[in-house]
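# got a predicted model here, sequence first, then my questions.
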Amino acid sequence: MDPVLAGAGLTLGYDGRIISTDLDVTIPAGSFTAIIGPNACGKSTLLRALSRLLKPRTGEVFLQGAPITRHSTRQVARRLALLPQSSTAPDGITVADLVARGRFPHQTLLRQWSDADQAAVDAAMAATGVTELAGRSVDELSGGQRQRVWLALVLAQDTPVLLLDEPTTFLDVAHQLDVLRLCRRLHETGNYTLVTVLHELSLAFRFADHVIAMKDGRIVAQGPPERIATPELMKEIYGIDVVVIPDPATGGPLVVPLEPRRRPAAAGAPDVQPSIAEALA
């Protein structure tokens with residue numbers, strides 16, 4: 001598949017700190033891509049660069065084959081939507097009003113709010129299970145409810161490319177599955193390309209069909225889950241020993257971390273609780 005988003009020779013950073021250098025990345029059109037890797041390895045930084053929120057020090061980001069800088073802000077917002085790690089809603093705004101802001105890129109002086117806009121908002125709230133929260137203030141919601149509201153805003157924007165930075169943050173396991181099943185349904189329609197940053201490997205390998213693995217600001221590997229979910233790559237990326245078994249639900253790869261065997265105490269030795277320093281040594 002041709003890439004709908006790509007980065008070539010990207011050097012990324014903030015102020016005087018460089019996070020990544022010489023990154024080459026491709027997001028296949030119509031794919032469900034998961035970006036995985038340890039904390040602070042550059043996953044969110046890469047996502048911000050792909051969304052044009054972060055200007056690369058060197059290199060170029062391409063959207064649908066053209067440099068993303070050639071598109072106007074409104075054009076980008078009609079083709080690409082980003083759900084960041086953390087977002088702040090205006091004080092007192094209701095759920096319905098916040099989700100409606102996702103329609104702003106489609107508004108012009110000659111085109112104001114329409115039935116199509118309302119239908120998009122209603123569909124986004126229904127898909128994320130927040131319809132019953134429409135009249136409530138966002139300030140009153142739990143972390144999980146707010147996360148679903150922000151996801152509804154992104155869906156209401158109605159773009160063919162969705163970038164989701166840790167979309168399952170604050171969600172319990174049931175709502176994590178709901179969100180990722182929704183993402184899979186969008187992906188399976190063939191009309192959406194999704195890029196998600198995920199920490200839970202079992203979910204990344206279960207739902208994504210394309211995985212980008214990062215460590216220390218570089219891309220270690222990218223490809224289908226079966227190519228990425230190997231003991232060797234997991235050891236390189238996370239520094240842990242794992243076994244990879246078939247996922248009972250899907251038949252795909254399931255990564256199971258291994259723990260070193262605890263040495264049995266010598267016969268007759270007292271069962272002494274080790275200090276924290278000893279346990280971490």
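Alright, I've got the coordinates.

# when you work out contacts or count neighbours from here on, use the C-alpha atoms and nothing else.
Fine.

# low-confidence ranges in the stretch 101-250 of the chain?
109-110, 190 (pLDDT under 70).

# mind giving me the packing neighbours of the helix or strand hosting Ser44?
Secondary structure assignment for Ser44, by DSSP states H and E: helix 43-50. Under the contact criterion of 3 or more CA pairs under 8 Å, 6 or more residues apart in numbering; DSSP states H and E, helix 43-50 touches strand 3-14, strand 161-165.

# go with 7 Å
For helix 43-50, the contact count by 3 or more CA pairs under 7 Å, 6 or more residues apart in numbering; DSSP states H and E identifies no helix or strand as a packing neighbour.

# tilt between that helix and strand 3-14?
Relative orientation of helix 43-50 and strand 3-14, computed by axes from the mean of the first three to the mean of the last three CA atoms, to 10 degrees: 120 degrees.

# by how many degrees do helix 43-50 and strand 161-165 diverge?
Using the same axes, to 10 degrees: helix 43-50 against strand 161-165 is 150 degrees.

# contacts for helix 43-50, please.
Defining contact as CA atoms under 7 Å, 6 or more residues apart in numbering, one finds that helix 43-50 is touched by Ile35, Leu54, Lys55, Pro56, Val61, Asp165, Val197.

# helices of the stretch 101-250 of the chain, start to end?
115-127, 143-156, 173-188, 201-207, 225-228, 231-238 (DSSP state H, counting those that start in this stretch).

# buried set for the first one?
Using 16 or more other CA atoms under 10 Å as the burial criterion, the residues of helix 115-127 that qualify are Asp117, Ala120, Val121, Asp122, Ala123, Ala124, Met125, Ala127.

# tell me the pLDDT of Asp280.
No, residue 280 isn't Asp; it's Leu. Per-residue confidence (pLDDT) for Leu280: 58.

# err, Val272, not the other one
60.

# please apply the same query to the one 5 residues further on.
Looking at Ala277, its pLDDT stands at 64.

# and for Gly37?
96.

# surely it and Lys215 touch.
Yes. Contact criterion CA atoms under 7 Å: Gly37 and Lys215 qualify, at 5.8 Å.

# quick one, which of those two is more surrounded?
Gly37 (24 against 20; other CA atoms under 10 Å).

# which residue, other than its chain neighbours, is closest to the more buried one?
Met214 (4.9 Å; CA to CA, 6 or more residues apart in numbering).

# in which helix or strand does Ala77 reside?
Assigned by DSSP H and E, Ala77 belongs to helix 73-79.

# beyond that helix, next helix or strand please.
Assigned by DSSP H and E, the successor of helix 73-79 is strand 80-83.

# who does the helix or strand following that next one touch, helix- and strand-wise?
The helix or strand immediately downstream of strand 80-83 is helix 95-100, counting by DSSP H and E. Under the contact definition 3+ CA pairs under 7 Å, 6+ apart, helix 95-100 sits against helix 143-156.
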